[in-house]
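# Model the structure of this input:
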Amino acid sequence: LPQRDGSGLFIEADLRDLELRLPAPLAKAQGEPLLLQVRSSATGADSQVLDLQLEERVTGKLAFQRAASGWMFTHGRIGIGEKVTQLPSQSGLQLSARLPVLSADDWWSLLRQNLSGSGDSGWLDRVSRVNAEVESLDAFGRGFGRLSLDMSNTAGNWQGRVQGDAVAGQLAITRPASTGLPLVVGNVAVPGRPVIHLTLENLVLPPARDTGVDLALDPRGLPSLHVQSQSFTVADMDLGALEFSALPATHGWKIASLKLTRPESSLTASGLWEIDSRGQQGTQIDATLASTDFGKLMEMLGYPEEIVGGKLKLQSNWSWPGAPSAFRLARADGDLSFTLADGRIPKISQGAGRLLGALDLRSVTRYLTLDFSNVFSKGLTFDSIKGRVAVEKGNAYTRDLAIRTPGADIGLSGRIGLATRDLDLELGVTPKLMEELAITGGLLGGPAVGAAVAVLHALIQKPFEKSTRIIYTVKGGWDDPAVTRLGPTPAPVGEEQ
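Below you'll find the predicted structure:
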């Protein structure tokens, strides 16, 4: 810099032979024309301002003050994709950007180095404020659309607001306390890394782009993340309020808690995203789902009029190779146990791709020569549906799924192809003939007749039900399975007494 008051300096450099190995929009190939211009001007006896211009890519103004040790930077602004015409009033370096497109995935490796938690956050410590507007943001293999960001740095802790098509709220990046010891949460040692906090009014997770290649992220390099959002939307589905916490673990990223809350349902989950000794990634998730109105939950998920009402309790654990975003039914393993009580399936019809719709319940009534059509005229009302299901590589297997209804008990065993959308099942149907007779007797013959029939039902219920259990096989695709009635199951010898 010039040493005499009032002097100026102008430098112009052809950077054609320079290669910049940075992500867009700062990347530059060797041989690509690029002109750098630097102009200095004195603003006082001991102060200078540098004007920078890298064609239309980058402009800036940097202010320097003379000190005993030489010239010291005091404040300035660098603009990417915009023209900087004034110095900021605050001290420190401000970065601003106005970009049509930005890929955060391309910048992740550089950001990870500056969020390493080593105590020095690198060049970010020298930045006092970041302001950006992006018309189209790509991150984690998804398109988030328009986004604006305004963050300020105080002693290494960042705080500000994000606003855009997919997100709105407060963002904070805090430096961990320097205790000299790793934080231990749930027997997991957490390295001293910055913690990202998102407190949002809404968050929308766009669909992942189908590139055929999973996003290559190393979970061992991820920071701690805490998210609270009043609204969380995925694939146009309002999943309710979101609470999410994840922490670095020894071999990956521990999902300490995930909670989704809606008026009629709540989902809680935890898990681990890790890399094994062979360098292979895997995800494990334990989840619990409870709903006071399963029909409303199904409607929100895009399955209207499938179920009316129903109280659900479901527990499950899952594992699959790859990142959490790499979940595919074709390669996932899981175990589920559930109970669904007091609901109604309103549509019982063939060819609709519904498991119970594949079974023509009227054939049961014809077999018993009694008209039970009133039981099923408005669909299938059930007292409970409960069972356990094992999922292996895209197939669901069950041996003890039981459906209890006012008109019949239904048992199901076999395989459901979740990935291939096919069925290979056996259903056993036991009509509750004596309960129907007891109700009819009470109405026609008075309480005495009804009570007598009920006593008779209690005495002969077991042999009667065994002798009238009807077996069906259901095989083929979900939309049009072949249903074959095998007939009633005979009662075992010695149990008809």
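
# Count residues in the vicinity of Asp51, would you?
A count of neighbours around Asp51, defined by other C-beta atoms under 10 Å, yields 16. C-beta here means a position set from N, CA and C on the backbone, and glycine is covered the same way.

# I meant to write Val38 there.
Under the neighbour criterion other C-beta under 10 Å, Val38 is assigned a count of 16.

# in which helix or strand would I find it?
In the assignment (DSSP states H and E), Val38 maps to strand 35-44.

# Adjacent strands (with direction) for that strand?
strand 9-14 (antiparallel), strand 47-54 (antiparallel) (DSSP bridges).

# what does the first one contact?
Taking contacts as C-beta atoms under 8 Å, 6 or more residues apart in numbering, the residues outside strand 9-14 that touch it are Leu1, Pro2, Pro33, Leu34, Leu35, Leu36, Gln37, Val38, Arg39, Ser40.

# Tell me the predicted confidence for the third one.
Looking at Pro33, its pLDDT reads 94.

# how near is it to Leu26?
Distance of Pro33 to Leu26, given as C-beta to C-beta, to the nearest Å: 16 Å.

# do the same with Gly387
57 Å.

# Between these two, which is the more surrounded one?
For Gly387 versus Leu26, the count of surrounding residues by other C-beta under 10 Å is larger for Gly387: 19 against 13.

# Just grab the bridge partners of that one for me.
Listed by DSSP bridges, the beta-bridge partners for Gly387 are Phe338.

# got it, and the one 4 residues further on?
When assigned by DSSP bridges, Val391 has beta-bridge partners Gly334, Ala396.

# How about Gln159?
With DSSP bridges applied, Gln159 shows beta-bridge pairing to Ser152, Ala172.

# and it, how many neighbours does it have?
For Gln159, which is what you asked about, the neighbour count (other C-beta under 10 Å) is 15.

# Not counting its neighbours along the chain, what's nearest Gly428?
When the adjacent residues along the chain are set aside, Gly428 lies closest to Gly411, with 4.3 Å between them (C-beta to C-beta, 6 or more residues apart in numbering).

# from the middle of its chain, how far away would whichever helix or strand the one you found is part of be?
Taking DSSP H and E as the criterion, the element that holds Gly411 is strand 408-417. Taking the mean C-alpha point of strand 408-417 and that of its whole chain, the gap between them comes to 30 Å (C-alpha atoms, centre = their mean, to the nearest Å).

# Tell me the helix or strand right after it.
Where DSSP H and E defines the elements, the next helix or strand beyond strand 408-417 is strand 422-431.

# ok so, going back, which elements pack onto the strand holding Gly411?
The helices and strands touching strand 408-417, judged by 3 or more C-beta pairs under 8 Å, 6 or more residues apart in numbering; DSSP states H and E, are strand 395-404, strand 422-431.

# buried set for that strand?
Ala408, Asp409, Ile410, Gly411, Leu412, Gly414, Ile416, Gly417 (16 or more other C-beta atoms under 10 Å).

# Dump that strand to CSV, restricted to CA.
Taking Å, rounded to 0.1, in the frame of the first residue of the first chain, the C-alpha atoms of strand 408-417 are listed here in CSV:
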residue,chain,number,x,y,z
ALA,A,408,-66.5,-62.7,12.4
ASP,A,409,-63.0,-63.2,13.5
ILE,A,410,-60.3,-63.2,10.8
GLY,A,411,-56.8,-64.6,11.0
LEU,A,412,-54.1,-63.8,8.5
SER,A,413,-50.7,-65.4,7.8
GLY,A,414,-48.2,-65.4,4.9
ARG,A,415,-46.3,-62.8,2.9
ILE,A,416,-47.1,-59.4,1.5
GLY,A,417,-44.7,-58.1,-1.1
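
# That one to strand 422-431, inter-axis angle?
Here strand 408-417 points in a direction 170 degrees away from that of strand 422-431 (axes from the mean of the first three to the mean of the last three C-alpha atoms, to 10 degrees).

# Tabulate the contacts of strand 9-14 (TSV), appending distance to Gln230.
Formatted as TSV, the entries for these read as follows, by distance: C-beta to C-beta, whole Å:
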residue	distance to Gln230
Leu1	52
Pro2	56
Pro33	50
Leu34	46
Leu35	49
Leu36	47
Gln37	48
Val38	48
Arg39	49
Ser40	50
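
# Which of those residues sits closest to Arg421?
Proximity of the contacts of strand 9-14 to Arg421 was ranked by C-beta to C-beta; the top entry is Leu34 with 54.8 Å.

# and the closest one, how many neighbours does it have?
16.

# looking at it, it is touching Leu54, isn't it?
Yes: with the criterion set as C-beta atoms under 8 Å, Leu34 and Leu54 qualify as a contacting pair; they are 6.8 Å apart.

# Helices of the chain, start to end?
Counting by DSSP state H, the chain forms helices over residues 104-114, 294-300, 362-367, 373-376, 433-467, given from the N-terminal end onward.

# now the last one: mean pLDDT?
What that stands for is helix 433-467. Throughout helix 433-467, pLDDT has a mean value of 47.

# cool, and the first one?
Model confidence over helix 104-114 averages 75 on the pLDDT scale.

# helices and strands around that helix, which ones?
In terms of contacts (3+ C-beta pairs under 8 Å, 6+ apart), helix 104-114 is packed against strand 127-139.

# sorry, back to before: of the helices and strands packed on strand 408-417, which shows the lowest average pLDDT?
For the helices and strands packed on strand 408-417, the stretch scoring lowest in mean pLDDT is strand 422-431; its value is a mean of 86.

# How many residues are close by the nearest residue to Pro223 once chain neighbours are set aside?
Residue nearest to Pro223 in three dimensions, not counting chain neighbours: Arg193, with 4.9 Å by C-beta to C-beta, 6+ apart. Counted with other C-beta under 10 Å, residues neighbouring Arg193 total 20.

# my read: Arg193 touches Thr174, true?
No: under the criterion of C-beta under 8 Å, Arg193 lies out of contact with Thr174, with a separation of 10.5 Å.

# now Asn202, which residues is it bridged with?
Ala168.

# hang on, isn't it packed against Thr233?
Yes: taking contact to mean C-beta under 8 Å, the distance of 7.3 Å between Asn202 and Thr233 places them in contact.

# which regions of the stretch 51-200 of the chain lie under the pLDDT threshold?
Residues of the stretch 51-200 of the chain that meet the criterion pLDDT under 70 lie in 112-123, 177-192.
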